[in-house]
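Chemist: sequence first, then the predicted structure:
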Amino acid sequence: MIGTVNKKLAVELENSEIDALHSRLSAIQDIEGNPMGVEMKRFGNATAFSCKNIPGPAFNTVKGLNSEDEGFLEEILDFYRQKEIPVRFELTPAHTSTELLHQLHRLGFYQNDFHTTLFMPISEVSTSEDDSLSIRKMEKHEASTYADIYVQGFQMPAFLKDGVAQNNAVLFDHDRWTFYLASVNGEPAGIGVVFIKDRIATLAAAATLPSFRSRGIQRALIQQRIHQAFREECSLVVGQAKFGSVSQNNMERAGMRIGYTKAIWVKG
């Protein structure tokens with residue numbers, strides 16, 4: 001029964017996240033000349049993602065590491081060492097073992113954070129009742145609007161806006177990706193993105209302008225994407241959020257529940 005958290009479901013949730021990031025970075029890698037320096041490589045069950053010219057952990061991380069992959073750890077470290085990028089491992093309860101954690105510790109790693117994965121079986125759909133709020137699909141020529149909301153929503157430096165626009169514009173033509181714009185009384189206020197593959201809808205990104213927060217915009221965007229998943233006959237909606245964050249709270253209010261909490265391990 002979908003909805004009972006077990007190892008099989010946990011693997012599905014993790015694979016959906018890996019698929020979404022692989023699709024996103026593949027599109028960025030295909031930009032002429034690969035200006036962001038994207039490279040992805042499999043090591044056993046693990047996928048090492050790297051994007052040298054986009055700093056931060058979102059695109060520079062190892063997912064899917066399995067207790068059977070201890071023998072690949074040195075190769076993974078070399079992969080990131082050559083790029084001068086810090087290594088970050090995202091470990092799920094379905095795949096870890098005491099031996100794997102001990103080996104990471106011996107290599108100088110420690111756990112420094114938690115990250116929540118949430119899910120919801122598709123059964124019914126609710127919609128926003130706020131008449132002042134409208135949500136529609138975005139077009140490729142609106143990538144700059146998307147980037148503006150994203151950068152402001154995450155309080156990123158303004159000079160990153162053009163890069164965010166370029167790195168998302170390449171996804172607008174992909175059938176698996178859909179971008180939504182939420183407006184309040186006609187004014188752009190928030191964005192939400194969904195990636196769909198193998199009947200699983202992954203809530204891939206979301207942001208709200210600071211001046212429009214606490215008005216139910218993200219909850220409405222979550223509902224909109226759940227509605228799309230329902231129309232496309234998906235079986236699950238999956239999302240990720242920092243533990244205890246507003247994003248996690250919004251997903252739970254929309255009916256999603258915690259599948260597991262990932263352990264984030266970094267070099268000491």
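Modeler: Sure thing, it's come through.

Chemist: neighbours of the residue nearest to Glu39 when sequence neighbours are not counted, how many?
Modeler: Sequence neighbours aside, Ser50 is the residue nearest to Glu39 in space, at 5.0 Å (criterion: C-beta to C-beta, 6 or more residues apart in numbering). C-beta coordinates here come from the backbone N, C-alpha and C atoms, glycine included. Look at Ser50: counted by other C-beta atoms under 10 Å, it has 22 neighbours.

Chemist: can you check Ile31 too?
Modeler: By the criterion of other C-beta under 10 Å, Ile31 has 14 neighbours.

Chemist: shouldn't it be within a strand?
Modeler: No. Read with DSSP: H, G, I helix; E, B strand; the rest coil, Ile31 is coil and lies in no strand.

Chemist: what's the pLDDT at it?
Modeler: With respect to pLDDT, Ile31 has a value of 95.

Chemist: look up how far Gly33 lies from the closest residue to it other than its chain neighbours.
Modeler: Closest residue in space to Ile31, ignoring its immediate chain neighbours: Val170 at 6.2 Å, by C-beta to C-beta, 6+ apart. Counting by C-beta to C-beta, to the nearest Å, the gap from Val170 to Gly33 is 13 Å.

Chemist: Glu99 now?
Modeler: For Glu99, the distance to Gly33 (C-beta to C-beta) stands at 42 Å.

Chemist: hmm, back to that, who's more crowded, Val170 and Gly33?
Modeler: Ranked by neighbour count (other C-beta under 10 Å), Val170 and Gly33 place Val170 first, with 18 against 6.

Chemist: so which bits of stretch 42-56 are buried?
Modeler: 43-44, 46-51, 54 (16 or more other C-beta atoms under 10 Å).

Chemist: on that earlier part again, quick one, grab the pLDDT at the residue nearest to Ile31.
Modeler: Predicted confidence (pLDDT) for Val170: 96.

Chemist: isn't Pro210 right next to Gln152, touching?
Modeler: Yes. With contact defined as C-beta atoms under 8 Å, Pro210 reaches Gln152; the gap is 6.6 Å.

Chemist: neighbour-wise, which of these two wins?
Modeler: Taking neighbours as other C-beta under 10 Å, Pro210 and Gln152 compare with Gln152 leading, 16 against 9.

Chemist: give me the distance between the helix or strand where the more buried one lies and the centre of its chain.
Modeler: For Gln152, the element it lies in under DSSP states H and E is helix 143-153. Offset of helix 143-153 from its chain centre (C-alpha atoms, centre = their mean, to the nearest Å): 17 Å.

Chemist: what comes up buried for that helix?
Modeler: Buried residues in helix 143-153, counted by 16+ other C-beta under 10 Å: 143, 145-153.

Chemist: Val5 against Tyr260, yeah?
Modeler: Yes. Using C-beta under 8 Å, Val5 is in contact with Tyr260, at 7.0 Å.

Chemist: looking at the two, which has the bigger crowd around it?
Modeler: The neighbour comparison of Val5 against Tyr260 (other C-beta under 10 Å) goes to Tyr260, with 18 against 15.

Chemist: follow-up on the earlier one: quick one: contacts of the helix holding Gln152?
Modeler: 138, 156-158, 160-162, 164-166, 168-169, 172, 179, 181, 188-191, 205, 207-210 (C-beta atoms under 8 Å, 6 or more residues apart in numbering).

Chemist: out of these, which are buried?
Modeler: Restricting the contacts of helix 143-153 to buried positions leaves 138, 156, 160-161, 164-166, 168-169, 172, 179, 181, 188-191, 205, 207-209, with burial counted as 16+ other C-beta under 10 Å.
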